[in-house]
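In: Next input, structure requested:
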Amino acid sequence: MDFSKIFDKNGNNQWAFLKTGEKVALNSMQKVTLNRKGNILYNSGDIEEAKKIFLTTGYSDGLVRIGDYYRTEGRLLDALKMYWIAPDHTKSEAIIVQLSEVIKKLIYEGDQK
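Out: Sure thing, here's the model as predicted:
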């Protein structure tokens with residue numbers, strides 16, 4: 001695969017990501033540099049780009065913050081995914097309980113018809 005053509009299409013964006021499905025091997029300095037960039041993106045409101053970086057580096061604190069953001073936006077399944085990957089069992093379990101209550105209510109309402 002000619003990766004240069006892919007990046008040329010994206011205007012040679014230095015922060016462009018290419019999803020390959022392969023685990024990226026990063027040394028500690030690369031992780032620190034990317035996590036700093038992710039924090040800058042997150043703090044400037046570019047949540048989705050920060051998420052890509054935090055997923056790539058496996059930065060659990062960043063993933064939890066992304067989950068917190070999604071939770072405040074009412075995106076519970078997205079929040080659960082971030083907490084699960086982080087892993088933050090306390091926060092993921094709280095959402096699982098919340099979602100299970102919704103499912104119980106839907107089942108109960110369905111039985112009443």
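In: where are the low-confidence patches of this structure?
Out: 1-23, 113 (pLDDT under 70).
In: Scan it for its longest helix.
Out: helix 89-111 (DSSP state H).
In: Packing partners of it?
Out: Here helix 89-111 touches helix 60-72, helix 76-85, going by 3 or more Cβ pairs under 8 Å, 6 or more residues apart in numbering; DSSP states H and E. C-betas here are computed from N, CA, C, even on glycine.
In: again, only this time at 7 Å
Out: Judged by 3 or more Cβ pairs under 7 Å, 6 or more residues apart in numbering; DSSP states H and E, the packing partners of helix 89-111 are helix 76-85.
In: Report the inter-axis angle for the helix it packs on versus helix 89-111.
Out: Here the directions of helix 76-85 and helix 89-111 differ by 140 degrees (axes from the mean of the first three to the mean of the last three Cα atoms, to 10 degrees).
In: which other residues reach the longest helix of the chain?
Out: Val64, Gly67, Leu76, Ala79, Leu80, Tyr83, Trp84 (Cβ atoms under 7 Å, 6 or more residues apart in numbering).
In: Can you pick out the most distant pair from the residues you listed?
Out: With Cβ to Cβ as the measure, no two of the contacts of helix 89-111 lie farther apart than Val64 and Leu76, at 14.8 Å.
In: okay, those two: which has more neighbours?
Out: Neighbours per residue, other Cβ atoms under 10 Å: of Val64 and Leu76, the larger number sits with Val64, 20 against 16.
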